[in-house]
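[1] Predicted model follows, preceded by the sequence.
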Amino acid sequence: MGMPGTLRRYRFDFQGGEHAMSSPSSCRTEVLSIGDELMFGHIVDTNCAWLAERLMGLGMPARHFQTVGDELEDIVAAFRLALSRADLVIATGGLGPTDDDLTMEALAKAAGRRLVHREEVLDQMSARLKRPKDQFTAANRKQAQLPEGAEVLRNDWGTAPGVRLPLEDGREVYLMPGVPREMKGLFDAWIEPRLRARSPAVVLYRYYHSFALPESVVGERLKDLMGAGLNPDVGTRVGGGIVSVRVVGRGARREEAEAALNGVDGRVREALGEFFFGTDDTTLAVATFQALRERNLKVALAESCTAGLVAALLGAVPGISACLIEGAVAYANEAKMRVCGVREGTLKAHGAVSAATAREMATGIRERSGADLAVSVTGIAGPDGGSPDKPVGLVHFAVATPGEVIDEERRFLGYDRASVRDRAAHTALDLLRRAARAWKG
């Protein structure tokens, strides 16, 4: 499985309590993404993944996703298909002022409604742009043409309005701009409160993250929790060496959903063991920082093939200045000798990509910086430079402490350059995290 990850299908078959749910959900939900830029691959549809997770948390998991370009009849057909099988349709994109923004017209045609002028849209646009309405162009006024019977959802983040269109049989369609900031703002302010009021259940989820533990091992250790129809529902996803276990608990009340989550907490942590580094939004860099900060440790970095990527990952964590003293990019052999104190004889005897060089890089940068801990990375990221003895993807690491130096070898074979560097940088973080946790003072 690859990031952002394919999780097992969620089932909602709880019965009893204050609410009852059919399986898989009493509300059939579909998400529609509109725009040529998506079809041409010019941008990645992050809106779809974001909405899927939010809908999951509301107990209304999306059952279908569609992506369609800026052709009127294609959008009409997409809406008609969605309305033929969904109770709730959420569409993003195609609400702008240009001729290829056709979502309003397409929805009106699919729902058998006419387009009507809504002056309040222009009023809101005028207030936001601080411009009199008489200065608006025909393109601006186009955005005030909505399907008859639609409710205007005020957009405080842009000019295109959000729209709610209730249909006669109880189905609903929501329209939002494709700009992520506008879409998220509208969903949080107007749509989620409405959906929460009709949600059939309380659904909570929690991620447990591990690094360098094979997904197959995790699956074997947790297989008895991963059967269909269980509460909580347990699944895995993997990407960049990180295997995440996602646990979804559900119930008629929040307490029931929390109890379902907490009931397997110990089992999941035990299954991940020493490879576990955090939950939910905790990244490996954050977990490394937390381990360093808890022990008041200072750290220095010596990087070759990662070229500062380890430092960049740590540097993105707020508060890291309390722990990070310095990071050196020692790419050339001359730099390894000058900055880290690697001996020329070591480089001649073992080469730049070797355990011996990694050890001297870590030892040298620790001693010269005055840090408690230091980690080094040296490897062959490719695509060239490999040999039978030292193939592309070979990376050596070392962690230096006052009492010892530990070296590790990893082979990220078959990866491209960016992936080798990314995996190596995260491995360095994990080794640093483990060294901090094992610190005896």
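    All right, it came through fine. Numbers count the residues shown, from 1 in each chain.
[2] what's near enough to touch Val76?
    Taking CB atoms under 8 Å, 6 or more residues apart in numbering, we find Val76 in contact with Ala106, Lys109, Ala110. (Each C-beta comes from the backbone N, C-alpha and C, glycine too.)
[3] any chance of those residues in JSON lines, with distance to Met56 and pLDDT too?
    JSON lines is the format used below for the contacts of Val76 (distance: CB to CB, whole Å; pLDDT from 0 to 100):
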{"residue": "Ala106", "distance to Met56": "27", "pLDDT": "98"}
{"residue": "Lys109", "distance to Met56": "31", "pLDDT": "98"}
{"residue": "Ala110", "distance to Met56": "26", "pLDDT": "97"}
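[4] Mind checking which of these are in helices?
    Cross-referencing the contacts of Val76 against helices under DSSP state H gives Ala106, Lys109, Ala110.
[5] closest to Ala356 among those?
    Set against Ala356, the nearest of these by CB to CB is Ala106 (65.6 Å).
[6] nearest residue to the closest one other than its sequence neighbours?
    Nearest residue to Ala106, sequence neighbours excluded (CB to CB, 6 or more residues apart in numbering): Ile75, at 3.6 Å.
[7] That neighbour contacts Val68, doesn't it?
    Yes: Ile75 lies in contact with Val68 (CB atoms under 8 Å); the separation is 5.6 Å.
[8] Tell me the one of the contacts of Val76 nearest Phe211?
    Nearest to Phe211 among the contacts of Val76, with distances taken as CB to CB, is Ala106, at 45.3 Å.
[9] ok, back up a step: now for Ile75 and Val68: what residues contact both?
    With CB under 8 Å, 6+ apart, Ile75 and Val68 have common neighbours Ile34.
[10] quick one on the thing from earlier: name the member of the contacts of Val76 with the most neighbours.
    Within the contacts of Val76, most neighbours by other CB atoms under 10 Å means Ala106, with 26 neighbours.
[11] Let me see the ranges of the helices in the stretch 101-250 of the chain.
    Assigned by DSSP state H, counting those that start in this stretch, the helices in the stretch 101-250 of the chain fall at 103-111, 119-129, 138-142, 180-186, 192-198, 215-221.
[12] Mean neighbour count, these: which tops it?
    Across these, averaging neighbours per residue (mean count of other CB atoms under 10 Å) puts helix 103-111 on top, at a mean of 22.
[13] Can you give me the buried ones in stretch 394-409?
    Leu394, Val395, His396, Phe397, Ala398, Val399, Ala400, Thr401, Val405, Ile406, Asp407 (16 or more other CB atoms under 10 Å).
[14] And the furthest pair within those residues?
    Leu394 and Thr401 (24.5 Å).
[15] In a markdown table: the contacts of Val76, plus distance to His64.
    Output for the contacts of Val76, formatted as a markdown table (distance: CB to CB, whole Å):
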| residue | distance to His64 |
| --- | --- |
| Ala106 | 17 |
| Lys109 | 20 |
| Ala110 | 16 |
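[16] name the helices or strands packed onto the helix or strand hosting Val377?
    Element membership of Val377 [criterion: DSSP states H and E] is strand 373-379. On a contact count with 3 or more CB pairs under 8 Å, 6 or more residues apart in numbering; DSSP states H and E, strand 373-379 meets strand 299-303, helix 355-369, strand 394-400, helix 417-437.
[17] List of residues touching the shortest one?
    Under the criterion CB under 8 Å, 6+ apart, residues 292, 309-311, 314, 323-330, 339-340, 361-362, 364-366, 368-369, 371-377, 428, 432 lie in contact with strand 299-303.
[18] the inter-axis angle of that strand versus helix 355-369?
    In terms of direction (axes from the mean of the first three to the mean of the last three CA atoms, to 10 degrees), strand 299-303 departs from helix 355-369 by 140 degrees.
[19] Which SSE is immediately downstream of strand 299-303?
    helix 309-315.
[20] what do you get for the third one?
    Downstream of strand 394-400, the first helix or strand assigned by DSSP H and E is strand 405-411.
[21] distance between stretch 198-208 and the chain's centre?
    Relative to the centre of its chain, stretch 198-208 is centred 18 Å away, using CA atoms, centre = their mean, to the nearest Å.
[22] Give me the contacts around it.
    By CB under 8 Å, 6+ apart, stretch 198-208 touches 12, 14, 19-21, 25-27, 56-60, 244-254, 256-258, 260-261, 268-269, 272, 276, 279-280.
[23] Pull out the buried positions in it.
    Across stretch 198-208, burial judged by 16+ other CB under 10 Å covers Ser199, Pro200, Ala201, Val202, Val203, Leu204, Tyr205, Arg206, Tyr207, Tyr208.
[24] what's the answer for stretch 144-158, then?
    Ala144, Leu146, Pro147, Ala150, Glu151, Val152, Leu153, Arg154, Asn155, Trp157, Gly158.
[25] Quick one: end-to-end distance for it.
    14 Å (CA to CA, to the nearest Å).
[26] okay, the helices and strands packed on strand 373-379, which one's buried deepest?
    strand 299-303 (a mean of 28).
[27] how big is the angle separating that strand from strand 373-379?
    10 degrees.
[28] Quickly run through the sheet partners of strand 299-303, with directions.
    strand 324-329 (parallel), strand 373-379 (parallel) (DSSP bridges).
[29] Name the next helix or strand following the first one along the chain.
    Next along the chain after strand 324-329, taking DSSP H and E as the criterion, comes helix 333-340.
[30] for the record, mean pLDDT for that following helix?
    Here helix 333-340 scores 98 as its mean pLDDT.
[31] Which strands and helices lie in contact with that helix?
    strand 324-329, helix 344-350, helix 355-369.
[32] can you do 6 Å?
    helix 355-369 (3 or more CB pairs under 6 Å, 6 or more residues apart in numbering; DSSP states H and E).
[33] Show me the contact partners of the helix it packs on.
    Contact partners of helix 355-369, identified using CB atoms under 6 Å, 6 or more residues apart in numbering, comprise 300, 302, 325-326, 328, 340-342, 346, 350, 374, 376, 378, 396-398, 400, 405, 407.
[34] Quick check: His209 vs Val353, distance?
    Distance, His209 to Val353, by CB to CB, to the nearest Å: 29 Å.
[35] meant to ask about His117
    From His117 to Val353 the distance is 68 Å (CB to CB).
[36] The two: which is more packed in?
    Between His117 and Val353, Val353 has the larger neighbour count (other CB under 10 Å), namely 21 against 10.
[37] Excluding chain neighbours, what is closest to Ala322?
    Arg293 (6.0 Å).
[38] Can you classify that neighbour as helix, strand or coil?
    For Arg293, the secondary-structure state derived from DSSP: H, G, I helix; E, B strand; the rest coil is helix.
[39] what sits against Leu83?
    So Leu83 contacts nothing (CB under 6 Å, 6+ apart).
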